[in-house]
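Just to be clear, the model below is a prediction. Sequence and coordinates:
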Amino acid sequence: MKTKIYNDILKSLKKIGAKCDENFTVEIPNVAEHGDFSSNVALINTKILKMKPHVLAQKIVDDLSNKRDYKSIEIAGPGFLNFKIANSLYYKELQKISDAQYNYGSSNYGKRKKVLIEFISANPTGPLNVVSARAGAYGDSLFRIMEHIGFEPFREFYINDAGNQVDILAESLEIRYRELHGHECEEFPFEAYHGEYIKDLAAELNTIEGTKLFHMTEEDRLERMKNFALDEIHKIQVSSLNRFDVQFDNWMSEKKLRAEGILEEALSYLAEAGCTYEKDDAVFFSSTKFGDEKDRVLIKADGNPTYLVPDIAYHLTKYNRGFDIIIDVLGPDHHGHVSKLRAAIKALELDDSKLEVVYLQHINLLQEGEVVKMSKRAGNIVTMDELLDYVGKDAARYFFIDRKPSAHLDFDLELAKKKSSENPVFYCQYAFARINSILKKAKKVKLTLKKFDDKNLKKLNKADEINLIKKMLDLSSVLNLCADNREPHRLANYVHELAGMFHKYYAKYKIINEENPDLSMARLYLISVVQIVISISLDLMGISSPKKM
RNA sequence: GCGCCCGUGGCUCAAUUGGAUAGAGCAUCUGACUUCGGAUCAGAGGGUUAGGGGUUCGAGUCCCUUCGGGCGUGCCA
């Protein structure tokens, strides 16, 4: 709809002057008196065409006013053009939605651009926590939305299954395993992993292997421990993600990158570019050349690479795989690291504008207005599974998506569980269920949409009905904004508003009226389309649309 | 110190990317169920968009500055 108006204006603008700024907008004004759509075209072009806004606006109006699609075009304020659309055009658009069904809103907006979305990438040293849950809801929804509007997105999880922390994981398991065989360790090391799940893993390993592991060399045993722990924890993480309806297209393993020699490759590229030097037995990256505050260590004095090296190597593979857009979804504590990474990408002469980093801010879990400390000892919610047990998948996903990524998130656990209008998830789902129930009722009184006659659409002449249609027509621009800004929260707001409009409409007008079957049919048709749009929106957030609640 | 993010009614957040009178929900108060699901709806109060300056037809949005909060600034990952 917006594009149609935009094109109409552009045509008449071209008739007036050859040179003009095409960068004007067509928007839905927030005040009803300003019409259905408004444009700033006359304001923007006033300088270029050397014409006063009102004069220019009048010329455009004269050119467009004979079109049937516009009920009226008015000039207002400093020179806005306010369009009122004829209802007939809205009815046509409503039918298009109905015809498209669940494909409505899909488009080629993304032009098949290849987008890599890396998210969660939690350490493989324990179950996923609520921070990963936010990242999961965010990344997966962004994926769904981008896919719907014609991007080619790709979901990836990076596993840091090599290096220091994994060795500590193996040692932690070793200690717990020895405990099972009566070898109490004197003091559990501070840096080791303290979680109960390590004990579970030890018990599981013990039932498989028994005492056999003690006959191995320490090196072999630790290797076995490491691989066992990594495999099992991976399984635990995958099963949490399945519960959360989050899938990945690829799991990238750091261990594999190392085995394939990609770290050396990355290092040699940096060396070739003349960006490395040795000092104090360590190898440095001269990242100051690329805007970093100081040079960074690549190879430590003990010969091991720092965390930066595999990460550079990993990003090298991202570039080599030919993505147009590379999105890293990270925690807020990573931005120090990203400046180093970005410096390396510039050093490798890769296009660093392709790399975008989204920082998801911290989460507070709230219970009765109090912040819940994420401490296992107090029996509080820490893991993603515990959160899912407590509030369910739909509520968890909605609450995580509801706020923009750059905002700190207060997650009210009690609210998420409530089944009333205070809880936005239920409010939206209830709208869907309610429509379902009305349609069922309609069938009982022999009103079914199969016998629907297009002419009945004229009965939808209330402003509230037109507003509902307008709102639904807005879906694709909402999706485009979600994708462009990497901000799926806009969709959560949208569906909440749409559900609200429906609830209000329902309360105000009787939909099934046996005395007036034509009107009833038209309204049933309208709400059935509302139902589809709600369902599409929820689905793009990974939230279900239950027919009954 | 330097860098990044943030600051909008009592609370949690929006605001179509610079548009017209800054909107929702919660909380508070007042109303509405013999009728399609009251898990809902109608209405009310509540704001100098942290303060100040600038850019222009026009600023919550962009620039400068002050203040306040979060995070980062490892030969940890």
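Structure received. Numbering: from 1, shown residues only, chains lettered A, B, ... in the order given.

Longest helix in chain A, please.
In chain A, taking DSSP state H as the definition, the longest helix is helix A:218-243.

on contacts alone, who are the packing partners of that helix?
When contacts are defined as 3 or more CB pairs under 8 Å, 6 or more residues apart in numbering; DSSP states H and E, helix A:218-243 packs onto helix A:164-180, helix A:196-209, helix A:384-391. Bear in mind the C-beta positions are built from the backbone N, C-alpha and C, glycine included.

RNA strand B is nearest to which of those?
helix A:164-180 (3.7 Å; CB to the nearest atom of the strand).

Which other helices and strands does the closest one contact?
Using 3+ CB pairs under 8 Å, 6+ apart, helix A:164-180 sits against helix A:196-209, helix A:218-243.

Next, the angle helix A:218-243 makes with it.
Orientation check (axes from the mean of the first three to the mean of the last three CA atoms, to 10 degrees): helix A:164-180 against helix A:218-243 gives 100 degrees.

Please say whether there is contact between helix A:164-180 and RNA strand B.
Yes. Contact of helix A:164-180 with RNA strand B (CB under 7 Å from any atom of the strand) involves A:164-165.

and the angle from that helix to helix A:196-209?
Counting by the same axes, to 10 degrees, helix A:164-180 lies at 60 degrees to helix A:196-209.

Show the average pLDDT along helix A:164-180.
Taken as a whole, helix A:164-180 has a mean pLDDT of 91.

Contacts made by that helix with the rest, please.
For helix A:164-180, contacts defined as CB atoms under 8 Å, 6 or more residues apart in numbering pick out A:123-125, A:160, A:185, A:188-189, A:191-194, A:198-199, A:201-203, A:205-206, A:213, A:221-223, A:225-226, A:228-230.

Quick check on those residues: which are buried?
Burial by neighbour count, judged by 16 or more other CB atoms under 10 Å, picks out A:124-125, A:160, A:192-193, A:198-199, A:201-202, A:205-206, A:213, A:221-222, A:225-226, A:228-230 from the contacts of helix A:164-180.

filter the residues you listed by proximity to RNA strand B?
Near RNA strand B, by the rule CB under 7 Å from any atom of the strand, you find residue A:160 out of those.

Surely residue A:224 touches residue A:218?
No. Applying CB atoms under 8 Å as the test, residue A:224 and residue A:218 come out as separate, 10.7 Å apart.

So if I had to pick from those two, which one is more boxed in?
residue A:224 (18 against 9; other CB atoms under 10 Å).

Model confidence for that one, exactly?
For residue A:224, the model assigns a pLDDT of 93.

can you pull the contacts of it?
Shown in contact with residue A:224 (CB under 8 Å, 6+ apart): A:209, A:213, A:216.

Pop out the phi and psi values for the second one.
With angles defined as degrees, to the nearest 10, residue A:213 sits at phi -60, psi -20.

so how many other residues sit close to the nearest residue to residue A:195 once chain neighbours are set aside?
Beyond its immediate neighbours in the sequence, the residue positioned closest to residue A:195 (CB to CB, 6 or more residues apart in numbering) is residue A:126, lying 5.5 Å away. Residues contacting residue A:126 under the criterion other CB under 10 Å number 20.

Ramachandran angles for residue A:126?
When quoted as degrees, to the nearest 10, the phi and psi of residue A:126 stand at phi 180, psi 180.

Was I right to think it contacts residue A:234?
No. With contacts defined as CB under 8 Å, residue A:126 does not count as touching residue A:234, sitting 11.3 Å away.

Quick check: the gap between residue A:227 and RNA strand B.
Residue A:227 is 17 Å from RNA strand B, where distance means CB to the nearest atom of the strand, to the nearest Å.

In contact with the nearest residue to residue A:133 once chain neighbours are set aside, which residues?
Nearest residue to residue A:133 in three dimensions, chain neighbours excluded: residue A:384, at 4.5 Å (CB to CB, 6+ apart). By CB under 8 Å, 6+ apart, the residues touching residue A:384 are A:127-130, A:132-133, A:136, A:240, A:244.

Give me the residue at the spatial middle of chain A.
Closest to where the C-alpha atoms of chain A average out (CA atoms, centre = their mean) is residue A:142, at 2.9 Å.

From the rest of the structure, what touches stretch A:251-262?
For stretch A:251-262, contacts defined as CB under 8 Å, 6+ apart pick out A:156-163, A:234, A:263, A:310, A:313-314, A:316-317.

In it, which residues are buried?
Neighbour-count burial for stretch A:251-262 flags A:251-255, A:257-258, A:262 (criterion: 16+ other CB under 10 Å).

thinking again about what came up before, Provide the strand pairings for the next helix or strand after the longest helix of chain A, with the direction of each partner.
Next along the chain after helix A:218-243, taking DSSP states H and E as the criterion, comes strand A:250-253. Strand A:250-253 has the following sheet partners, assigned by DSSP bridges: strand A:152-159 (parallel).

Quick one: mean pLDDT over the strand it pairs with.
Mean predicted confidence for strand A:152-159 is 96.

what sits up against it?
A:110, A:112-121, A:124, A:139-140, A:142-143, A:146-147, A:234, A:247-255, A:314, A:323.

Rounded mean pLDDT for stretch A:445-456, please.
Stretch A:445-456 carries an average pLDDT of 75.

just stretch A:472-492 next, same as before
What stretch A:472-492 shows for mean pLDDT is 89.

export stretch A:532-549 as CSV, just CAs?
What follows is stretch A:532-549, C-alpha atoms only, in CSV (Å, rounded to 0.1, in the frame of the first residue of the first chain):
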residue,chain,number,x,y,z
ILE,A,532,-4.1,-15.6,10.2
VAL,A,533,-2.0,-12.5,10.7
ILE,A,534,-1.7,-13.1,14.5
SER,A,535,-0.7,-16.6,13.9
ILE,A,536,2.0,-15.7,11.3
SER,A,537,3.4,-13.1,13.7
LEU,A,538,3.5,-15.5,16.7
ASP,A,539,5.0,-18.2,14.5
LEU,A,540,7.8,-15.9,13.4
MET,A,541,8.7,-15.5,17.1
GLY,A,542,8.5,-19.2,17.7
ILE,A,543,5.4,-18.9,19.7
SER,A,544,2.4,-21.3,19.3
SER,A,545,-1.1,-20.3,18.4
PRO,A,546,-3.4,-22.6,20.5
LYS,A,547,-7.0,-23.0,19.4
LYS,A,548,-8.1,-23.5,22.9
MET,A,549,-6.6,-22.3,26.1
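
Show me which residues of it are buried.
Of the residues in stretch A:532-549, A:532-538, A:540-543, A:545 count as buried by neighbour count, 16+ other CB under 10 Å.

Quick one: the residues you listed as a markdown table, columns for secondary structure too.
Listed next are the buried residues of stretch A:532-549 as a markdown table, based on DSSP: H, G, I helix; E, B strand; the rest coil:
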| residue | secondary structure |
| --- | --- |
| A:532 | helix |
| A:533 | helix |
| A:534 | helix |
| A:535 | helix |
| A:536 | helix |
| A:537 | helix |
| A:538 | helix |
| A:540 | helix |
| A:541 | coil |
| A:542 | coil |
| A:543 | coil |
| A:545 | coil |
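
pLDDT and distance to residue A:442 for the residues you listed - can I get that in JSON lines?
Listed next are those as JSON lines, based on pLDDT from 0 to 100; distance: CB to CB, whole Å:
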{"residue": "A:532", "pLDDT": "94", "distance to residue A:442": "16"}
{"residue": "A:533", "pLDDT": "94", "distance to residue A:442": "19"}
{"residue": "A:534", "pLDDT": "94", "distance to residue A:442": "18"}
{"residue": "A:535", "pLDDT": "94", "distance to residue A:442": "18"}
{"residue": "A:536", "pLDDT": "94", "distance to residue A:442": "22"}
{"residue": "A:537", "pLDDT": "94", "distance to residue A:442": "23"}
{"residue": "A:538", "pLDDT": "93", "distance to residue A:442": "23"}
{"residue": "A:540", "pLDDT": "94", "distance to residue A:442": "28"}
{"residue": "A:541", "pLDDT": "93", "distance to residue A:442": "28"}
{"residue": "A:542", "pLDDT": "93", "distance to residue A:442": "30"}
{"residue": "A:543", "pLDDT": "93", "distance to residue A:442": "26"}
{"residue": "A:545", "pLDDT": "92", "distance to residue A:442": "19"}
